[in-house]
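In: Next one to model:
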Amino acid sequence: MEVIVWDGLSSDNTLNEIAKYKGQFKLISAKDSGVYDAMNQALKMASGEWILFLNADDYFCSENSLHSLLEAIETSDVDYVCGYAKMLFGLRNWEPKTLTDVDYFLGNPANHQSYLCKKSIYENLGGFSLKYKYAADVEFMYRVIQYGYKGIRILKPIVHYSLGGLSTKNLSTGVAELDEIRSVFLNSDVDFAKKCRLVFVDGLEFSDVFKNGILDREWSKTQREFLENFFRNNQSIESSSTLRIFKNKLTRFIKQSLKQFVFIFLKVIPSRYI
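Out: So this is what the prediction gives:
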């Protein structure tokens, strides 16, 4: 096992702090053009068969966290494995999704800090795309699914994920970038991808026109099963009662308000403590 620390020519006290642990890791302090460029460069220096990227201020939940991922790859024929990420002082779990092309509708397949993947896959797919500043990890995980690599979920908390980083400090821009990425994999324009996010992730009421339009498109077997099941269990605006629509809107408003409060708080704190 090896630990590689990539430092992007930091000007704070980082190098002095990590010098206390000299000999326990390989340190590279060099110029990079952003977090994903740093991850790509560090990847080239890794000699291991499996890779996990743990970013600044994120940490394993327990001394057995990494063992849980390693145990899974020893007992299953898989190309990658991922677990839960804890957030907000451990009050919320970020759970991996389906790890299929259904995730093109649902968003991030997994938190990349809890994502253990073969180095050969990163090499085969060219690593992280530097076209994206906030969500290149999601685009990479989508490509992993697209190319048919097999993953498995571990239903355990693996890492504590800090919410004060690049993507959460730039929420609206990051969400727009995710919509752009989603549109590529849905083979659609960005407006359609955004509408899918609002309906399938945020719970926005949908019309019969949207339902019929999306069902008329060509989808894979797993995507069509997801869509048919979703529309079987959720009613369109035309089929819903006024009370049901009001309750859904109120629920969505409360959730969005709480989310906005959290991210406003994250923007004003001086550094990442959450």
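
In: What is the longest strand of this protein by residue count?
Out: strand 151-160 (DSSP state E).

In: Give the pairing partners of that one; include direction for each.
Out: Applying DSSP bridges, strand 151-160 is found paired with strand 59-60 (antiparallel), strand 80-87 (parallel).

In: winner for burial among those?
Out: Among these, strand 80-87 has the highest mean neighbour count (mean count of other Cβ atoms under 10 Å), at a mean of 24. All C-beta atoms are positioned from the backbone trio N, CA, C, and that covers glycine.

In: quick one: contacts of that strand?
Out: 61, 65, 68-69, 72-73, 92-96, 99, 109-111, 113-118, 121, 144, 149-161, 163, 274 (Cβ atoms under 8 Å, 6 or more residues apart in numbering).

In: and the next element down the chain from the helix or strand where Leu43 lies?
Out: Taking DSSP states H and E as the definition, Leu43 sits inside helix 35-45. Following helix 35-45 in sequence order, the next helix or strand is strand 50-51 (DSSP H and E).

In: quick one: low-confidence ranges for the protein?
Out: Residues of the chain that meet the criterion pLDDT under 70 lie in 89-91, 164-171, 239-241, 243, 245-246, 249, 252, 255-256, 258-274.

In: which other helices and strands contact whatever helix or strand Leu15 lives in?
Out: When elements are assigned from DSSP H and E, Leu15 belongs to helix 14-18. If you count contacts as 3 or more Cβ pairs under 8 Å, 6 or more residues apart in numbering; DSSP states H and E, helix 14-18 packs onto strand 4-7, strand 26-29.

In: returning to that earlier point: quick one, which of the contacts of strand 80-87 are buried?
Out: 61, 65, 68-69, 72-73, 93-94, 96, 99, 109-111, 113-118, 121, 144, 149, 151-154, 156-161, 163, 274 (16 or more other Cβ atoms under 10 Å).

In: Please narrow those residues to those residing in helices.
Out: 65, 68-69, 72-73, 121, 144 (DSSP state H).

In: tell me which of those is nearest to Arg244?
Out: Val144 (38.2 Å; Cβ to Cβ).

In: measure the closest one to Phe128 for me?
Out: 12 Å (Cβ to Cβ, to the nearest Å).

In: Phe226 now?
Out: For Phe226 relative to Phe128 (Cβ to Cβ), the value is 27 Å.

In: Can you pick out the residue with more neighbours from the two?
Out: Phe128 (24 against 21; other Cβ atoms under 10 Å).

In: Confirm for me that that one is in contact with Met39.
Out: Yes. Counting by Cβ atoms under 8 Å, Phe128 touches Met39, with 5.9 Å between them.

In: Find residues that contact each of the two.
Out: Joint contacts of Phe128 and Met39 (Cβ under 8 Å, 6+ apart) do not exist.

In: Tell me the helix or strand right after the helix or strand hosting Ala176.
Out: Assigned by DSSP H and E, Ala176 falls within helix 171-185. For helix 171-185, the succeeding helix or strand toward the C-terminus, using DSSP H and E, is helix 190-200.

In: just to revisit the earlier point, can you spell out which helices and strands pack onto the helix holding Ala176?
Out: Counting by 3+ Cβ pairs under 8 Å, 6+ apart, helix 171-185 packs on helix 103-106, helix 136-146, helix 190-200.
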